[in-house]
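# Pasting the sequence and the predicted coordinates here, then a few questions.
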Amino acid sequence: MSASNDAGTQPVQFNQRLAVLLAMAMFVLVVDTSIMNVSISAVVKDINSTVSDLQAAIALEALVSAAFILIGGKVGDLIGRKRAYVLGLCGYAVGAVAMTLAQSITAIIVFWALIGGLGASLLLPAMQSLIHGNFDGDARKRVYALVGAAAAIAAAVGPLLGGFITTFLSWRVAFLLEAVIIAVVLSGIKLVKDVPYTGPREVDVVGSILSVVGMGGIVLGILVWQEGGEAVGALLIVGAAGLAGLSYWLVRRERLNKAMLLDPGLFRSKAFRFGATQQMLQQIALGGTMIVLPIYLQMVLEYNAMQAGLSIAPLSLTMFGIALLAGKKAGTRRPAGIIRWGFIFLLAGLLAILPVVPRADSGWWLLIPLIIAGAGLGLLVSQLNNYTLSPISDERVSEAAGVNSAAGSFGLSFGLAFAGAIMLASLAAIFTSLATSSTVLPPAEQQQVAQALEADAQVLSNTQLAEQLAGQPPEIQAEIIRINTEARPIALQIGLLIPILASVAGFVISFRMMRIPDPKPSGTGEGAILD
């Protein structure tokens, strides 16, 4: 008996309005971070904050979503998927409204990063269950395709849309429009039929805590290191211990036949294990790239949000176009082979950016590398979800999708945090080295520069730096600006090494994927996992 029939209602064959509203909800989820990325310089200026603070908030939002998404799926099971969906939308709306009013980085961290991240962790698993329970057969496939298309379109147009609104109106208007879209989605909530959970209702409290401690400890450790805080090593050790403890705990609970946060049996499938790992690596590469490049464009080339969005658009538009084309034209090509070529193109595009960074005087220099990297991401997007989830039986697909989403969200937050932290740490070290070796700066000025960077390393445009140096002798101003001009591109190149290394790891793992048979859809019977 299906979950929908248990609810006493027949599944809707195809409700076009409901399908569009679900797609709108996914669009907001994906476009949100794109708007923040291309609006970094405008937000920093308006709230009188720093690039490093804002980068930390972006990484924290992704981290909260990743750390709580498995728990969010279980909460939806217990309180009802429809209620979890509504609460998730409301959490995201709180974050969007807060961004329209925020006057400090604290408000952004609390309302956008924490509350918005928790909203996403409830919304994503609930949405999948509701699609599964509100639509049948071909109608369900159409809705999944529509929601997937909405996510792809949001990724493609997000930088352009965010850049246009931020430049010609305000970044606050962009987030206000998000809140308006959420209000429209909530206005049609009566169309949604709840999908009751019929499985065990026991909560794996220890597993839930370990999952949050594990993922949270690692990314928080990186963010604390970036901000110059203490106990970084302790946080990283706690995070690693949490993940190791979670693995042991789940295996032990399975052996005792007790309720588990997630079934470790999922990872006994090589296809699922490789697919989820590649999903994480792809998101590390994407997250690292999408934090380093907007900072480069806005702080080094001093682009406004619209110019930054246009410069990044080749990456997202190519990713969208190639994903659609590869999905239709894959033919008899092995998914693992397409995934391997995806990482090859992604790696080639990122490597091509490295020599461009110190020489570029406009975003046009990035055009060809971003098209190449976007083609790689498009190939990966077209294959990874289906490769990972197709052999999973219907009974376990929601759980498997939650794990897959958690891997992707953790990868995104890790990429955002680590690439940003490495970039800022490198900037401090390079700037200090150049300052102390300068023959123009007197020793007192050299020491002052080193102390200032140690306390608060951040990427500054030459214009911003010139404003801070007002009152200094002209030769001192010119020397510090020269050092800044030389230091920033090197730091940005080092930051790009994080997505490059993730791409290398994905390329290596793709060879192992080629050695195993391609996963068969669960509908064929023998290919099903955990049925």
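Noted; the coordinates are in hand.

# so how far is the helix or strand containing residue 370 off the chain centroid?
In this structure, residue 370 is located in helix 367-389 according to DSSP states H and E. The chain centroid and the centroid of helix 367-389 are separated by 15 Å under CA atoms, centre = their mean, to the nearest Å.

# elements contacting the helix or strand just after it?
Tracing the chain past helix 367-389, the next element assigned as helix or strand by DSSP H and E is helix 397-436. Applying 3 or more CB pairs under 8 Å, 6 or more residues apart in numbering; DSSP states H and E, one finds that helix 397-436 contacts helix 51-79, helix 116-134, helix 205-226, helix 270-295, helix 367-389, helix 443-455, helix 474-514. Where you see a C-beta, it was placed from the backbone N, CA and C, and this is true even at glycine.

# Least reliable of those by average pLDDT, please.
Mean pLDDT is lowest for helix 443-455 out of these, coming in at a mean of 62.

# so for the helix or strand immediately after that one in the chain, what's the average pLDDT?
Toward the C-terminal end, the helix or strand that comes next after helix 443-455 (DSSP H and E) is helix 462-468. Mean per-residue pLDDT for helix 462-468: 71.

# quick one: contacts of helix 462-468?
Residues from elsewhere that reach helix 462-468, judged by CB atoms under 8 Å, 6 or more residues apart in numbering: 302, 460, 477, 480, 481, 484, 485.

# gap between that helix and the chain center?
31 Å.

# before we move on, what about stretch 501-508?
Worked out by CA atoms, centre = their mean, stretch 501-508 lies 18 Å from the chain centre.

# about what we covered before: looking at the helices and strands packed on helix 397-436, which is closest to residue 179?
Closest to residue 179 of the helices and strands packed on helix 397-436, according to CB to CB: helix 116-134, at 11.2 Å.

# Show me what counts as buried in the closest one.
116-134 (16 or more other CB atoms under 10 Å).

# now stretch 264-283
By neighbour count on 16+ other CB under 10 Å, the buried set for stretch 264-283 is 264, 266-267, 269, 271-272, 274-283.

# Of all pairs in those residues, which one is the farthest apart?
Greatest spatial distance among these (CB to CB): 264 and 282, at 23.2 Å.

# Just give me the residue closest to the centre of the chain.
residue 412 (3.5 Å; CA atoms, centre = their mean).

# need the contact list for that residue.
62, 66, 283, 284, 286, 287.

# ok, now residue 35?
Per CB under 8 Å, 6+ apart, neighbours of residue 35: 158, 161, 162, 165, 166, 171, 174, 175, 178.

# Please look at the fourth one and residue 174 and confirm they touch.
Yes - the criterion here is CB atoms under 8 Å, and residue 165 meets it with residue 174 at 4.2 Å.

# Looking at these two, which one has more neighbours?
A count of neighbours by other CB atoms under 10 Å puts residue 174 above the other of residue 165 and residue 174, at 27 against 23.

# Per-residue pLDDT of that one, please?
The predicted local confidence for residue 174 is 88.

# so how far is residue 412 from it?
With the distance defined as CB to CB, to the nearest Å, residue 174 ends up 20 Å from residue 412.

# and if you look at residue 249?
Here residue 249 is placed at a distance of 25 Å from residue 412 (CB to CB).

# Then residue 438?
39 Å.

# How about residue 284?
7 Å.

# same question, residue 402
According to CB to CB, residue 402 stands 15 Å off from residue 412.

# now swap in residue 517 and tell me
From residue 517 to residue 412 the distance is 30 Å (CB to CB).

# Would you confirm that residue 176 contacts residue 98?
No - contact status for residue 176 versus residue 98: not in contact, 10.9 Å apart, counting by CB under 8 Å.

# Next up, the contacts around the nearest residue to residue 475 once chain neighbours are set aside.
Using CB to CB, 6 or more residues apart in numbering and skipping residues adjacent in sequence, the residue nearest residue 475 is residue 440, 6.0 Å away. Counting by CB under 8 Å, 6+ apart, residue 440 touches 475, 476, 478, 479.

# Any chance of a ChimeraX selection covering the buried ones in those residues?
Of these, the buried ones go into a single ChimeraX selection, burial set by 16+ other CB under 10 Å:
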select :476,479
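
# which one of the contacts of residue 440 sits closest to residue 41?
When the contacts of residue 440 are compared against residue 41 (criterion: CB to CB), the nearest one is residue 478, at 23.6 Å.

# show me what contacts the closest one?
Going by CB under 8 Å, 6+ apart, residue 478 touches residue 440.

# next one: residue 359
By CB under 8 Å, 6+ apart, the residues touching residue 359 are residue 365.

# Try it again at 10 Å.
Residue 359 is in contact with 365, 489, counting by CB atoms under 10 Å, 6 or more residues apart in numbering.

# how close does it get to residue 353?
Per CB to CB, residue 359 is found 11 Å from residue 353.

# shared neighbours of those two, anything?
In contact with both residue 359 and residue 353: residue 365, using CB under 10 Å, 6+ apart.

# thought residue 389 was touching residue 383?
No - assessed by CB atoms under 10 Å, residue 389 is found out of contact with residue 383, at 11.4 Å.

# who has more neighbours, these two?
Comparing residue 389 with residue 383 by other CB under 10 Å, the one with more neighbours is residue 383, at 25 against 22.

# I'd like the distance between that one and residue 344.
Applying CB to CB to residue 383 and residue 344 gives a distance of 14 Å.

# which neighbours do these two share?
In contact with both residue 383 and residue 344: no residue, using CB under 10 Å, 6+ apart.

# on that earlier part again, what about burial for the contacts of residue 35, which qualify?
For the contacts of residue 35, a burial check counting by 16+ other CB under 10 Å picks out 158, 161, 162, 165, 166, 171, 174, 175, 178.

# Lowest pLDDT pick from those residues?
The minimum pLDDT among these falls on residue 158, with 77.

# Would you verify that residue 470 is located in a strand?
No - counting by DSSP: H, G, I helix; E, B strand; the rest coil, residue 470 falls outside a strand, being coil.

# how about it, what does it touch?
Per CB under 10 Å, 6+ apart, neighbours of residue 470: residue 477.

# do residue 350 as well
If you count contacts by CB under 10 Å, 6+ apart, residue 350 has them with 285, 288-289, 292, 369-370, 372-373, 376, 496-504.
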